[in-house]
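Q: predicted model follows, preceded by the sequence.
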Amino acid sequence: MKPEDLERLVTVEMPFGKYKGHVIADLPGNYLHWFAREGFPPGEIGRLLALMREIDHNGLSELLTPLRRR
C-alpha cells in the first residue's frame, strides 16, 4: 500500500456493477466481502477494493474521515 492509496479510496468511483459511480470508500462491507470470496478484478480497481475490504473488515473506516474533508 502507498500512502496516496488512502486518498484514492475517497476519490475513485466504482466503474461498473451495482454500485457504479459510488466512491470506493462508500461501498458496503458485504459487497467488498463478496469480491474477497469471488475474486477482485485486475488492476488498480481490484487493488483498491482489496485495500478497502481490509480497512472495513478491521473496523478502520474512520481513518478515511479526514481525507473526505479535503
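A: Yep, that arrived.
Q: in the protein, which helix is the longest?
A: helix 43-57 (DSSP state H).
Q: show me what counts as buried in that helix.
A: Burial within helix 43-57, assessed by neighbour count using 16 or more other CB atoms under 10 Å, is assigned to Ile45, Arg47, Leu48, Leu49, Ala50, Leu51, Met52, Arg53, Ile55, Asp56. In this view, the C-beta of every residue, glycine as well, is placed from N, C-alpha and C.
Q: which other helices and strands contact it?
A: On a contact count with 3 or more CB pairs under 8 Å, 6 or more residues apart in numbering; DSSP states H and E, helix 43-57 meets helix 3-9, helix 29-38.
Q: send me the longest one as PDB with only the CA atoms.
A: Think helix 29-38. Extracted C-alpha coordinates of helix 29-38, given in PDB (Å, rounded to 0.1, in the frame of the first residue of the first chain):
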ATOM      1  CA  GLY A  29     -19.000  -4.200   3.500                       C
ATOM      2  CA  ASN A  30     -21.000  -7.100   2.100                       C
ATOM      3  CA  TYR A  31     -20.100  -6.000  -1.400                       C
ATOM      4  CA  LEU A  32     -16.400  -5.900  -0.500                       C
ATOM      5  CA  HIS A  33     -16.600  -9.300   1.100                       C
ATOM      6  CA  TRP A  34     -18.300 -10.700  -2.000                       C
ATOM      7  CA  PHE A  35     -15.300  -9.600  -4.000                       C
ATOM      8  CA  ALA A  36     -13.000 -11.200  -1.500                       C
ATOM      9  CA  ARG A  37     -14.800 -14.500  -1.900                       C
ATOM     10  CA  GLU A  38     -15.200 -14.400  -5.700                       C
END
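Q: cool, thanks, talk later.
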